Structure formats: structure tokens, C-alpha cells
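Visitor: Please work out how this folds:
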Amino acid sequence: MYCPNIDVCGKVLAMLMMRLQRVGRTHEPAFRLVLTDSKNSTKSGRFKEILGSYDPRKSKDFFETERIKYWLSQGVTPTATVNNLLVSHKIITGPKINVSSKSKKTSPTPGDKISS
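Guide: Sure, this is the predicted structure:
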């Protein structure tokens, strides 16, 4: 059985991810869609492949659809934001993932009774 995350010697390789890397100037965001190791920071500049670019201010989006579909078939996991971006551009199908932060658990106020 072939596993893309295991080396020939049996060592487990790091998981690959699709992430957005910011490349714009101050107050002018632009992003690259990159394939990187999950342990690398997006700011490190170390990535395996550039899969596209995204400019939220303009409609100049470019995605290499063939390569994105290839890497997804190899088991690469996109971040939630990248997944939503690919779904909205109809590159992949499926539901969008909620990216907003989870609501905090409310702590009981001193006036509330705790039933035992």
C-alpha cells in the first residue's frame, strides 16, 4: 500500500497543507496559495509549490486547478479559509467550513444557583 507521508526508509514525513501566504504591501493585502509543510510558518517563505494567487481587493484571482486537484487527491489538507475559497470558486465541491471563532463558555454568575 502506498502512503504519501511515509519515506522509502519508513520515516514519517511531515503533512503537507495548502495555505495562504500574504505578499501584499501595508493596507494592500494580496495572497499566494502555497503548498507547504504543516510545520513551516507561512511567513518563513519555505514552500513546495505556488498553486495560485488571490487578491481580495480586485477580482484578479488565479488558481492552477489541475495542480490543486492533484494535490487534494494525494491527501493534502487545505486550511478552512483555503477550503472556503476553493468552494466559492467552484474548484472543489462541498460545504464551506465555519472559520469564525467559537463562542466562549459562559461562566456562572454569583447569583445563579448550582443544582446538585
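
Visitor: Now do the contacts for the most centrally placed residue in the chain.
Guide: Per CA atoms, centre = their mean, the C-alpha nearest to the average position across the chain is that of Thr79, at 1.9 Å. Thr79 makes contact with Met17, Met18, Arg19, Leu20 under the criterion CB atoms under 8 Å, 6 or more residues apart in numbering. For glycine as for every other residue, the C-beta is placed from the backbone atoms N, C-alpha and C.

Visitor: What residues of stretch 85-100 count as buried?
Guide: Leu85, Leu86, Val87 (16 or more other CB atoms under 10 Å).

Visitor: quick one: which of those sit in strands?
Guide: Per DSSP state E, strands hold no members of the buried residues of stretch 85-100.

Visitor: picking up where we left off before, scan the contacts of Thr79 and report the most crowded one.
Guide: In terms of neighbours by other CB atoms under 10 Å, those top out with Met18 at 24 neighbours.
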